[in-house]
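Got a predicted structure here, sequence first:
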Amino acid sequence: MRTRALELSVGLFILAGIAALLLLALRVSGLTLGGQDNTYTLYANFDNVAGLTTRGKVTMAGVTVGKVQKITLDHDSFMGRVELAIDKQVDNLPTDTTASIVTAGLLGEKYISLSVGGEDDVLAHNDEIYDTQSSLVLEELIGKFLMNSVNTND
Amino acid sequence: MLKPLSAYSVVWFRAGTGCDEGGQNAICRQDFSCIGHSGTIHPFMHIGRCRCAGGTRQHMTTDTDSAVELRGVTFRRGTRAIFEGIDLRIPRGQVTGIMGPSGCGKTTLLRLIAAQLKPHKGELLVNGQNLHALSRGRLFEARKQFGVLFQSGALFTDMNVFENVAFPLRVHTQLTDELIRDIVLMKLQAVGLRGAIDLMPDELSGGMKRRVALARAIALDPDILLYDEPFVGQDPIAKGVLVRLIRLLNDALGITSIVVSHDLAETASIADYLYVVGDRQVLGQGSPEELMNSGDPRILQFMQGSPDGPVPFHFNAPDYRTDLLGGNHG
Amino acid sequence: MAKHSALERLQLLGRAGIDVIGAMGRSGITLMHVLFGRRGAGTGWHLLVRQLYFVGVLSLAIIVVSGLFIGMVLALQGYTILVDFGSEQAVGQMVALTLLRELGPVVTALLFAGRAGSALTAEIGNMKSTEQLSSLEMIGVDPLKYIIAPRLWAGFISMPLLSAIFTVVGIWGGAMVAVDWLGVYEGSYWGNMIASVDFHKDVINGMIKSVVFAFVVTWIAVFQGYDCVPNSEGISRATTRTVVYASLAVLGLDFVLTALMFGDF
């Protein structure tokens, strides 16, 4: 085996391997380089964040505008405190924007959907979204349904 | 930069210059003294070698006639003792044969000398130095003074003949490619295989492989050559060639040769001194003629090749009659 | 075989156990010499490059073909199951996650053990039995540095790369089957995949697994060759041991690593 050809093939092999790794990183997992600079943070408190996970998407009118950064428990109000990372380009959210936790499809993941209100003032970095809608818990739904059916049967 | 040498180092220099005086090419380290240079080993290239020896830290034997000395060496494999407190002296500059019946530990002895195995008791000195006390790195350096010819030749199968013989030179020296080529050609010429220089090992016959391995073993001009069963399984012509080569190299290069073998006729024909080893001991030593007339029955049985004697014909077994009639097996 | 009494059998078992521990100890000490010993005479990068070729490049064929077929089968099987739930768009993320987290590292390791591992063991065992290793020692070249170390490093470097290539080829093969043949919408195949594959959790963990497996498989292969009984029967037994031990080690470690990485319950 000629040394030249051998070295070339080894070099190509290593390049192919690294290229595969890069492909996996960028294309398959959608790793974005540059990350955190072009987002700003908003907070929202929910009664119930059941099913919502970090890195869940945040959408407005169906368009992804950010993602969930962190979910913690608010110590004083016993509500779920969600930290959202919103694209800097979406900088005109009014202060009465509503954040709701909704489900993608019937059995799908939970994500946050934003709907705008009518205020003139805009949300800035580290502001709070006050109008929140918690996720639907299946048991409560069934409970409500049973309640309603009991009521209507009276 | 002048390279300081330790005991029995070999450095190449051009003839006409030398070591030590004036420091043309090499000097000996401070606690060593130059014991001379052997010049023009290779007349065409005017290359010689420089030898330093001595030193206060090295253990210098008083008896500088011995290349290898074993003192009270004991070696065990598992629970079985291969050697129990044997004493051996291999004289310098001669061909010494180590012989004995199969399984007496001759190859083990070679490996002990080359420090591949460590004796459980006793001392083993090579050129006055205890190799077993060296660290791994130093030991590999010290092995440059050996050349070993293994039973199967042990050529590197992924290199051709030229590369095989050139390997020790490439590893241990910084000679130019031209010089290496010339040295390889000379070594192969010495063993009569210069024409096979481009062949691969699997294109060689068994005898040729051994000769190439011999060329490789002498590539660095070692002081001591160890031959592990060189005549085994060879046709008479190949045996004759090897016999002649061993003697020739020993005399021409002024080295010490240790031949481990059980081929009586061949070894006795070239050895200056013989050791017969067996039963964990040295059974006898002396020149081949002395041993032929030895009084020890064990030596006699070996030298004469008698099938029955101290080493019995019948392997240990119960009484023949009871075995046949008793029907214990099957 | 002579019959052993119960006590003798117990002794033999104990002896076998001690032998195994002794072998592991020898193995560890040799590993220290190989990795951390002083650089010896005659060694160099050219040895590593040569081994990378024999160990890595020559394994590409089997890795790529296997990756392709496994990816395609995953997509096919996944589709048939998911279509019952109306969730066939999730095929993309299923294929990707399965390959990244499990099949990529594990199958690559198993194939590597079979192809390159057994070749390494046989080669080194053969060198031992023809006394080439002893010759090297006598010439003053440390075989651990000259023969063993380049092969070891070649394995460490090649296997994670092969694993990545396996995964990429598998995902692409799955895409071929799912999108071109089964009619899954191309956007959802890749879109769902990107949304659900997390770089740190899936890609990096998969690579960590691959590196661990590379270490284990290559080390077992090389040591079995170095330590074998130097005749033809010994070499064949050593080769078998390489494949068996390496495969078991990979599968066992896979469970441990998966539990550590993904099992935060």
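Happy to help now that I have it. Numbers count the residues shown, from 1 in each chain, chains lettered A, B, ... in the order given.

In chain A, spot the strand with the most residues.
Assignment by DSSP state E gives strand A:63-73 as the longest strand of chain A.

buried stuff in that one?
Buried residues in strand A:63-73, counting neighbours by 16 or more other Cβ atoms under 10 Å in any protein chain shown, are found at A:Val65, A:Gly66, A:Lys67, A:Val68, A:Gln69. For the C-beta atoms, the positions are set from N, CA and C on the backbone; glycine is no exception.

In contact with whichever residue of the stretch 151-265 of chain C sits closest to chain B, which residues?
Proximity of the stretch 151-265 of chain C to chain B (Cβ to the nearest Cβ) peaks at C:Pro230, 10.9 Å away. Residues in contact with C:Pro230 (Cβ atoms under 8 Å, 6 or more residues apart in numbering or on different chains) are C:Gly125, C:Lys128, C:Ser129.

returning to what we had before: give me the subset of the buried residues of strand A:63-73 touching chain B.
Counting by Cβ under 8 Å from any Cβ of the partner chain, nothing from the buried residues of strand A:63-73 sits close to chain B.

For residue 86, the count of nearby residues, please.
Just going to use chain A. 21 (other Cβ atoms under 10 Å in any protein chain shown).

that's the other chain; I wanted chain C
C:Gly86 has 11 neighbours, counted by other Cβ under 10 Å.

how far away is it from A:Lys57?
21 Å (Cβ to Cβ, to the nearest Å).

before we move on, what about C:Thr240?
Taken as Cβ to Cβ, the span from C:Thr240 to A:Lys57 is 51 Å.

Of those two, which one has the most company?
Between C:Thr240 and A:Lys57, A:Lys57 has the larger neighbour count (other Cβ under 10 Å), namely 17 against 13.

Find the nearest non-adjacent residue to whatever residue of chain A ends up closest to chain C, please.
Nearest residue of chain A to chain C: A:Gly17, at 2.6 Å (Cβ to the nearest Cβ). The shortest distance from A:Gly17 to any non-neighbouring residue, by Cβ to Cβ, 6 or more residues apart in numbering or on different chains, is to C:Leu161 (2.6 Å).

so that neighbour makes contact with A:Ile18?
Yes - between C:Leu161 and A:Ile18 there is a contact under Cβ atoms under 8 Å: 7.2 Å.

Between these two, which has more neighbouring residues?
C:Leu161 (26 against 12).

does the more buried one sit in a helix or strand, and which one?
Assigned by DSSP states H and E, C:Leu161 belongs to helix C:149-175.

now the angle from the helix or strand following that helix to helix C:149-175?
Counting by DSSP H and E, the next helix or strand C-terminal to helix C:149-175 is helix C:186-196. Helix C:186-196 runs at 130 degrees relative to helix C:149-175, counting by axes from the mean of the first three to the mean of the last three Cα atoms, to 10 degrees.

roughly how far out does stretch C:166-183 sit from the chain middle?
Its chain's C-alpha centre and that of stretch C:166-183 lie 24 Å apart, by Cα atoms, centre = their mean, to the nearest Å.

Buried residues in it, which are they?
For stretch C:166-183, a neighbour-count test (16+ other Cβ under 10 Å) marks C:166-171, C:173-175, C:177-179, C:182 as buried.

end-to-end on that stretch?
Start and end residues of stretch C:166-183 are separated by 24 Å (Cα to Cα, to the nearest Å).

Show the contacting residues for residue 51.
As the question left the chain open, I've gone with chain A. Contacts for A:Gly51 were tallied using Cβ under 8 Å, 6+ apart; they are A:Ile101, A:Thr103, A:Glu109, A:Lys110, A:Ser135.

was after chain C, sorry
Per Cβ under 8 Å, 6+ apart, neighbours of C:Gln51: C:Pro150, C:Arg151, C:Trp153, C:Ala154.

low-confidence ranges in the stretch 201-330 of chain B?
B:327-330 (pLDDT under 70).

Following the helix of greatest length in chain A in sequence, what is the next regular element?
For chain A, the longest helix by residue count, based on DSSP state H, is helix A:3-23. For helix A:3-23, the following helix or strand on the C-terminal side (DSSP H and E) is strand A:39-46.

can you pull out the helices in the stretch 201-330 of chain B?
Using DSSP state H, counting those that start in this stretch, the helices of the stretch 201-330 of chain B run over residues B:206-217, B:236-253, B:264-270, B:288-292, B:297-304, B:320-326.

For C:Gly92, find the nearest of those.
The closest of these to C:Gly92 is helix B:206-217. By Cβ to Cβ, the value is 59.5 Å.

Just give the number of residues close to the closest residue in space to B:Leu226 that isn't next to it in sequence.
Nearest residue to B:Leu226, sequence neighbours excluded (Cβ to Cβ, 6+ apart): B:Val148, at 4.7 Å. The number of residues packed near B:Val148 is 27, by other Cβ under 10 Å.

again with C:Asn192
20.

and what of B:Gly78?
Considering only other Cβ under 10 Å, B:Gly78 is surrounded by 6 other residues.

Return the distance of it relative to chain C.
As defined by Cβ to the nearest Cβ, to the nearest Å, B:Gly78 lies at a distance of 12 Å from chain C.

Need phi/psi at the residue of the stretch 51-200 of chain B found nearest chain A.
Residue nearest to chain A within the stretch 51-200 of chain B (Cβ to the nearest Cβ): B:Asp158, separated by 9.8 Å. Main-chain torsions, B:Asp158, degrees, to the nearest 10: phi -90, psi 10.

do A:Ile129 as well
Per degrees, to the nearest 10, the backbone of A:Ile129 is at phi -90, psi 120.

for the helix or strand where C:Ala221 lies, which positions count as buried?
If you go by DSSP H and E, C:Ala221 is part of helix C:205-227. Neighbour-count burial for helix C:205-227 flags C:205-207, C:209-227 (criterion: 16+ other Cβ under 10 Å).

Mind listing residues that contact the lowest-mean-pLDDT helix or strand in chain C?
When the helices and strands of chain C are compared on mean pLDDT, DSSP states H and E, helix C:186-196 comes out lowest with a mean of 78. The contact list for helix C:186-196 (Cβ under 8 Å, 6+ apart) reads A:27-30, A:57, C:89-93, C:95-97, C:171, C:175, C:178-179.

hang on, the earlier thing: for the residue of the stretch 151-265 of chain C closest to chain B, which three-state class applies?
The three-state assignment at C:Pro230 reads coil, by DSSP: H, G, I helix; E, B strand; the rest coil.

can you redo the buried residues of strand A:63-73 as TSV with pLDDT?
What follows is these, written out as TSV (pLDDT from 0 to 100):
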residue	pLDDT
A:Val65	85
A:Gly66	84
A:Lys67	81
A:Val68	84
A:Gln69	82
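
Look up how far C:Phe215 lies from A:Ile112.
For A:Ile112, the distance to C:Phe215 - Cβ to Cβ - is 43 Å.

scratch that, B:Asp279 is what I was asking about
For B:Asp279 relative to C:Phe215 (Cβ to Cβ), the value is 49 Å.

Next: C:Val57.
According to Cβ to Cβ, C:Val57 and C:Phe215 sit 20 Å apart.

Show me what from chain C comes close to chain A.
Close to chain A, as judged by Cβ under 8 Å from any Cβ, chain C has residues C:46, C:49-50, C:52-53, C:56-57, C:60, C:85, C:87, C:96, C:100, C:157-158, C:160-162, C:164-165, C:167-168, C:171, C:190, C:193-195, C:197-199, C:202-203, C:207.

among these, which ones are buried?
Buried among the residues of chain C next to chain A (16+ other Cβ under 10 Å): C:49-50, C:52-53, C:56-57, C:60, C:87, C:96, C:100, C:157-158, C:160-162, C:164-165, C:167-168, C:171, C:190, C:193-195, C:197-199, C:202-203, C:207.
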